[in-house]
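Trainee: Can you look at this prediction? I've put the sequence above it.
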Amino acid sequence: MEVNLASLKKQFKRDAVVIIVRTLVTFFNAVPRKLALFITSILGLLIWKLLPKERYRSLRHLNLIYGENLSEQESHLITRRFFINWGKNIVDILRVKKHFADEIKPLVHVEGMHYFEK
């Protein structure tokens, strides 16, 4: 029986991703939301700093949309805030199943819900 090294590497990567995601979900569900938001804000900022390709892509998209209406400084500030907020959104996604009723539902207001309750 021949072992395919490439398929073993792929399987290892998939298993590692699953383990990392499960660990993050467990961790972020165990800590208070404010701490989780702080940690992922920092992670978002690090991603903004450490992944210049993604930062450039975001800046390019802003430039396509707004052109000369935004200064370079404003564009950088918007993309930086985007990555920070992206990190915060990830936390709420990871926490939604366990903490929806006590943490997330009070933050959400839905208009027109009566149309769905009929």
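Mentor: Cool, got the structure.
Trainee: which element is the most centrally placed residue in the chain on?
Mentor: In the chain, the residue lying closest to the centroid (C-alpha atoms, centre = their mean) is residue 90, at 3.6 Å. Using DSSP states H and E, residue 90 sits in helix 72-99.
Trainee: show me what contacts the residue nearest to the centre of the chain?
Mentor: Neighbouring residues of residue 90 by C-beta atoms under 8 Å, 6 or more residues apart in numbering: residue 40. No exception for glycine: its C-beta is placed from N, CA and C like everyone else's.
Trainee: what's around residue 76, how many residues?
Mentor: Under the neighbour criterion other C-beta atoms under 10 Å, residue 76 is assigned a count of 16.
Trainee: Excluding sequence neighbours, find me the nearest residue to it.
Mentor: Using C-beta to C-beta, 6 or more residues apart in numbering and skipping the chain neighbours, the partner closest in space to residue 76 is residue 59 (7.1 Å).
Trainee: how far away is the one you found from residue 52?
Mentor: Separation of residue 59 from residue 52 (C-beta to C-beta, to the nearest Å) stands at 10 Å.
Trainee: which residues sit against stretch 96-107?
Mentor: 29, 33, 92, 95.
Trainee: Measure how buried the closest residue to the first one other than its chain neighbours is and give me the count.
Mentor: I take that to be residue 29. In this structure, residue 29 finds its nearest non-sequential neighbour in residue 98, 4.9 Å apart by C-beta to C-beta, 6+ apart. When neighbours are defined as other C-beta under 10 Å, residue 98 has 14 of them.
Trainee: Alright, I will stop here.
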